[in-house]
Each structure stands twice: as structure tokens, then as C-alpha cells.
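Novice: A predicted structure for the sequence below; I have some questions about it.
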Amino acid sequence: MELFNADFGGARITGHGIGPVLEPFSGVSRIAVLRGGGLGDLMFALPSVAALKAAYPGASITLLGTPVHAELLAQTVGPVDETVILPFAEGVRPGPEDDDETERFFAAMRARNFDLAVQLHGGGRYSNPFLLRLGARHTVGTRTPDAAPLERTVPYVYYQHEPLRALEVAGFAGAPPRELEARLEALPEFGQQLAQDLPLGNSGPGQGNDEPGQGNHGPGQGRVLVIHPGATDPRRRWPAERFAAVARKAADDGFRVYVVGDSSEKELAETVVELAVEQPSTSQPSTESPAGESGAPRPAVESLAGNLGLGELAALLAGSAVVVANDSGPRHLAQALGTSTVGIYWAGNAINAAPLGRSKHRLRLGWVTRCPVCGVDVTQVGWTAPRCPHDESTVKAVEPSEVYEDVLQLTATSPLPHGR
């Protein structure tokens, strides 16, 4: 049996952060960080990038990432100096592979003479050989027993909080933690444009939107609640009707509710809006006709799915009172922007990806351990774990009333977003 331990590469331990902090490398001026995936994956990596930037203050940091990473980082303020889009490659960036394009990519990266390459993309079965082709003087990353070794490696065990895993890797590169959560800032020009296009009544009591039927009364006081009902894995999705119940209650209580998502989630977002509008009002007598039948005002619930660029999405999330979402990229992005969130998580995903604090973030958990259809153990996850063909939600038992109670508690903390 192969030994599966941390490999310090002969370096001394100089301190402790998330695990040992090893002595830094000398003469580092160019750092490459490998992390593919979506928005959430990028948020997991950013605390590690911030640690590397602090440990090597004169170095430039290039993220080897995906188009969505490049778009977001170009439209926000963060710790990455440059983003280079990865070629399609198995286990690194899924898609139709082009050998010539891949060779051109590696030739260009080798020409940069990276001093340090850091692998934050999974257990290394595919990403470690990919990283080694960059030709960096030093390499650090995670490793499963079947992955190629790097100069310094952290053992990859699936159930570990992802930002902390990345920080442990940074520690092996000589970079102690500086912050435990991703931090980004929305650019003001996107917020200014949104303010012209949308009612964003987050100015506190009596200063929000004054349209009839969309008022500032009740706990919402005209503030913005954002809902993201999507998730890459359908098993992580809370049912649309449950999001709709929260949306309608929030609208009836004076929140402006915006449902967001990318272009592939437009139908889902519109379903949430339709279900919310169709529900009986939670603040009026049940004998009153539904909205639209007798002149009753339409609930302030609107879909923006597919209509926002990532800079605009960041501005919307940053200006919101609270975000309600599954374990998804927009929820992680909202957290990085300093916005309070209510996350609906399967318990296993919460181990890897839930926010650490509870002053600004709340969790509601699905405790399913076996597929409701075939009974397979869904706690066995990772590259080698079997995946049954069923997409039943693992979080559908979470009650809308519980989620909305969290919304009220988070928004009662301060009348202004982010306590300002």
C-alpha cells in the first residue's frame, strides 16, 4: 500500500495556520494558481490567493481558470492580477479538446517562467500532470494516492472545507492565512447602472421605493432580497415552489424580490416568479382576489435571470439585504461581497462549502444519506464514488417558514445593508 502522507519536500515547518506553514520559496516573482470550475470554485480559492499575495508581496499572481472567472475578476476588485483561460482538458476544464491549442497554451505558459505553481483543483489525478507541464521551478498542491507527486503535497481527502483546504495548500507554499473567506468588491459603475435600471430600495426605513403596492411597510421596508434557485447538481436544488413561498412572503412583507440565474436558469427563475405571484397573499384576507384579478397590486417579485453580466450581478448582490440560495456560485459570491445569506445545503456539502460564521450567514440542512429512489448511499462522493442516475433533491425537506425566519433575523440586525 502506498504511503499517503503530507510531503513537505524537505522544507522546515515555520508556523501553523490550517495545518503546517512551511518555509517560503526564495526568488518568487511569478505565481500561477490552477483552479477551474464555476463561481463557487473561484471563491474557494481566493483566500489562498490572498495569502500567497501577502507572503510574496512582489510577485504577480496569474489564475489559470475559466471564462466565468475571467469575466467576474475583470468586473470586480480582488487579489488576482491576471486570469488566463484554461484550454479544454480532461479533469481540468471539460469540453472538446484540441491538442494544438493545448500545446500552444503550455508553450506560452512555460515562456513565462513561473517560479511557483499552485494546484487547487481537486485531488490531482488530472490537475497535477497538467500543473507539471507549466515548467514552474516549484510546485505545491493536493494529491490523492493515484496522483502524480508535486514538490510539496497536501493529502486530498474529499470531506474538507474547500477554502480551508486551499489555505492549507498555501501554507505548504509558505503563505500563512490572512483571511478565511473570499473578499471581493463590486465596481461602482455597475451599481450606478443598476440603480438606474432597477428599484433598489435598500436605503432604510422611509427611503426606499414608493410605488403603490411595492411599498416600504413591514419588515422588508423596501429592501432587496435576492433569490438564486439554481445549482449545478440538481440534487442540491431546493424545490421551486419552496423558493416561491419565501419570495411571496418576503414581497408581502415589503421586500423587493429579484430572482437571479444565468441564461440556462431562466425557465427555473420564471417558474419561481409565477408560483410566487399565483400564491394567495400572506398579508391580506384570504377572501381578496389574487393579484391581477381585481386590481390588487402585483407582488414585487421579478426574474433577472439571463439579463445580468457578472459585474451587474455582483453589484446587485452587494446592494442586497440578504440572499437566499442553494449551495451555489451566487451564494458564495454574495458572501465574498459582504452580503448576508441564507443557504440551503445538503449536510455533506455543508462540510465542504458552508460559510463558517453565523452572524451574517445561516444554514438550513437536508440530512438525506440515501437516494430516495434507489437507496444508494449518497455520502460516498468524489472522483471514484458511484453516482446513481437519480436527481432527487436532498434538501426538499427544508421548510420555507424556517428559511424566512432566518431572513427576518438577518435583516433585523441592522436597518441598512452590511450595517452601514
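Specialist: Now that the structure is in, tell me what you want to look at.
Novice: confidence score at the closest residue to Thr76 other than its chain neighbours?
Specialist: Spatial nearest neighbour of Thr76, excluding adjacent residues (Cβ to Cβ, 6 or more residues apart in numbering): Leu184 at 4.6 Å. C-betas here are computed from N, CA, C, even on glycine. pLDDT for Leu184: 98.
Novice: And for Leu198?
Specialist: For Leu198, pLDDT reads 84.
Novice: residue contacts, Trp346?
Specialist: Arg235, Arg236, Asp327, Leu365, Gly366, Val368, Thr394, Val395 (Cβ atoms under 8 Å, 6 or more residues apart in numbering).
Novice: ok, 7 Å please
Specialist: Listed by Cβ atoms under 7 Å, 6 or more residues apart in numbering, the contact partners of Trp346 are Arg235, Arg236, Gly366, Val368, Thr394, Val395.
Novice: Tell me if I'm right that the residue nearest to Thr76 and Gln75 touch.
Specialist: No. At 9.8 Å, Leu184 does not count as touching Gln75 under the criterion of Cβ atoms under 7 Å.
Novice: and Thr102, how many neighbours?
Specialist: With neighbours defined by other Cβ atoms under 10 Å, the count for Thr102 comes to 16.
Novice: What sits closest to it if chain neighbours are left out?
Specialist: Pro87 (4.7 Å).
Novice: count of residues packed around the one you found?
Specialist: So Pro87, with other Cβ under 10 Å, has 20 neighbours.
Novice: From the contacts of Trp346, list just the buried residues.
Specialist: Arg235, Arg236, Gly366, Val368, Thr394, Val395 (16 or more other Cβ atoms under 10 Å).
Novice: farthest-separated two in those?
Specialist: Maximum pairwise distance in these, criterion Cβ to Cβ, is 11.1 Å, between Arg236 and Val368.
Novice: picking up where we left off before, among the buried ones among the contacts of Trp346, find me the one that's closest to Phe8.
Specialist: Distance to Phe8 across these (Cβ to Cβ) is lowest for Arg236, with 35.9 Å.
Novice: Next, Val21: secondary structure please.
Specialist: Recorded secondary structure, Val21: strand (DSSP: H, G, I helix; E, B strand; the rest coil).
Novice: Next: Asp406.
Specialist: Per three-state DSSP, Asp406 ends up helix.
Novice: One more: the one 4 residues further on?
Specialist: Under three-state DSSP, Leu410 falls in the helix class.
Novice: Neighbours of it, how many?
Specialist: 22.
Novice: Now do the same contact list for it.
Specialist: So Leu410 contacts Val322, Ser340, Val342, Lys360, Arg362 (Cβ under 7 Å, 6+ apart).
Novice: cutoff 10 Å now
Specialist: 321-324, 339-342, 358-362 (Cβ atoms under 10 Å, 6 or more residues apart in numbering).
Novice: quick one: which of these has the most company?
Specialist: The residue in the contacts of Leu410 with the most neighbours, by other Cβ under 10 Å, is Val324 (32 neighbours).
Novice: so what's in contact with Leu184 and Gln75 at the same time?
Specialist: Ala314.
Novice: returning to what we had before: what's the closest of the buried ones among the contacts of Trp346 to Gly171?
Specialist: Distance to Gly171, by Cβ to Cβ, is smallest for Arg236 among the buried ones among the contacts of Trp346, at 29.4 Å.
Novice: For the closest one, which residues are in contact?
Specialist: Arg236 makes contacts with 230, 326-328, 344-346, 348-349, 353, 366, 391, 393-395, as judged by Cβ under 10 Å, 6+ apart.
Novice: does the residue nearest to Thr102 sit in a helix, a strand or a coil?
Specialist: Secondary structure state of Pro87, per three-state DSSP, is coil.
Novice: Just the pLDDT for it.
Specialist: 98.
Novice: Make residue 1 into 44 and carry on from there
Specialist: Sure thing, new numbering starts at 44, so read that last one as Pro130.
Novice: From what I see, it and Ala150 are in contact.
Specialist: No. The criterion here is Cβ atoms under 10 Å, and Pro130 misses it with Ala150 at 11.5 Å.
Novice: Pro172 and Ala191 touch, don't they?
Specialist: Yes. The pair Pro172 / Ala191 is scored as a contact, 5.2 Å apart, by Cβ under 10 Å.
Novice: more neighbours, those two?
Specialist: Neighbours were counted for Pro172 and for Ala191 using other Cβ under 10 Å; Ala191 has more, 17 against 14.
Novice: ok, the closest residue to that one other than its chain neighbours - contacts?
Specialist: Spatially, and ignoring its direct neighbours in sequence, Ala191 is nearest to Asn171 (4.3 Å; Cβ to Cβ, 6+ apart). Residues in contact with Asn171 (Cβ under 10 Å, 6+ apart) are 77, 134, 162, 164-165, 182, 184-187, 190-193, 196, 199.
Novice: His164 now?
Specialist: By Cβ under 10 Å, 6+ apart, the residues touching His164 are 76-80, 84, 88, 107-108, 129, 134-136, 170-171, 173-174, 184-185, 209.
Novice: Please report phi then psi for it.
Specialist: In terms of degrees, to the nearest 10, the main-chain angles of His164 are phi -110, psi 80.
Novice: Quick check: the gap between it and Tyr201.
Specialist: 14 Å (Cβ to Cβ, to the nearest Å).
Novice: so where is the chain shaky, pLDDT-wise?
Specialist: Within the chain, the ranges that satisfy pLDDT under 70 run 44-46, 242-260, 327-339, 426-427, 456-463.
Novice: If we use 80, what do you get?
Specialist: Within the chain, the segments meeting pLDDT under 80 span 44-47, 242-264, 326-340, 425-429, 456-463.
Novice: pretty sure Pro63 contacts Ala216?
Specialist: No. Contact criterion Cβ under 10 Å: Pro63 and Ala216 do not qualify, at 11.4 Å.
Novice: the more surrounded of the two?
Specialist: The neighbour comparison of Pro63 against Ala216 (other Cβ under 10 Å) goes to Ala216, with 28 against 17.
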